[in-house]
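>>> What follows is a predicted protein model with its sequence.
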Amino acid sequence: MSRGADLRPAMRLSAFYAAIFLVTGIQLPFWPVWLASRGLTAREIGALLAAAIWVKVLATPAIGAVADRMGNRRLLMGALAAAALVAYAGLLSSGGFWLLVSLNLVALTAQSALMLPSSPPARRVSIMGAFGYGVP
C-alpha cells in the first residue's frame, strides 16, 4: 500500500477529533460567561452545567448500545453531529432558562456521544469502525 493511502484514514480521524475538541476547547472557558450574559444567575448556570453532566452519564452508554445494535455507525455519527449542530445553532437565539437547558442537553449529549471510544461502557463502538476500518 502506498504511503498516501495509509495517511487518508489518519487525516480524516485527526480532522474529526480536531473538530470535536475545538468545540470543547472554545466552550469550556467561555460557556458560563456567555450564560451569565444571557441573564442566568450563578445558581441557574450551576444547575445547567450539572444537568448536562448527569444526562451525558446516562445517555452516552445508551447511545453506545444503540450504535452496537444498529450496525451503521457512520449514520449514527452523522445524526449525532447534525443534532449537536442544530442545538448549538438554536442556542444563539434562545433566551429562556428551560430552552437553554434543553438545547444544551441535546448539544452536549450528542457531542459527547461522538467521542464514544473513550467511554468505558461503549468501548466496542470505535471511530475507526465508523469510518469503515476494522470494527471488532
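It's in.
>>> quick one: residue 34 and residue 40, what's the gap?
9 Å (C-beta to C-beta, to the nearest Å). All C-beta atoms are positioned from the backbone trio N, CA, C, and that covers glycine.
>>> same deal with residue 16?
Residue 16 is 32 Å from residue 40, by C-beta to C-beta.
>>> between those two, which one's more packed in?
Higher neighbour count among residue 16 and residue 40: residue 40, with 20 against 17, using other C-beta atoms under 10 Å.
>>> ok, how many other residues are close to the residue lying closest to that one once chain neighbours are set aside?
Excluding its sequence neighbours, the residue lying closest to residue 40 (C-beta to C-beta, 6 or more residues apart in numbering) is residue 97, at 6.4 Å. Residues near residue 97, counting by other C-beta under 10 Å, number 17.
>>> cool, and the one 10 residues further on?
For residue 107, the tally of surrounding residues (other C-beta under 10 Å) stands at 22.
>>> same thing with the one 4 residues further on?
Around residue 111 sit 21 other residues, with neighbours defined as other C-beta under 10 Å.
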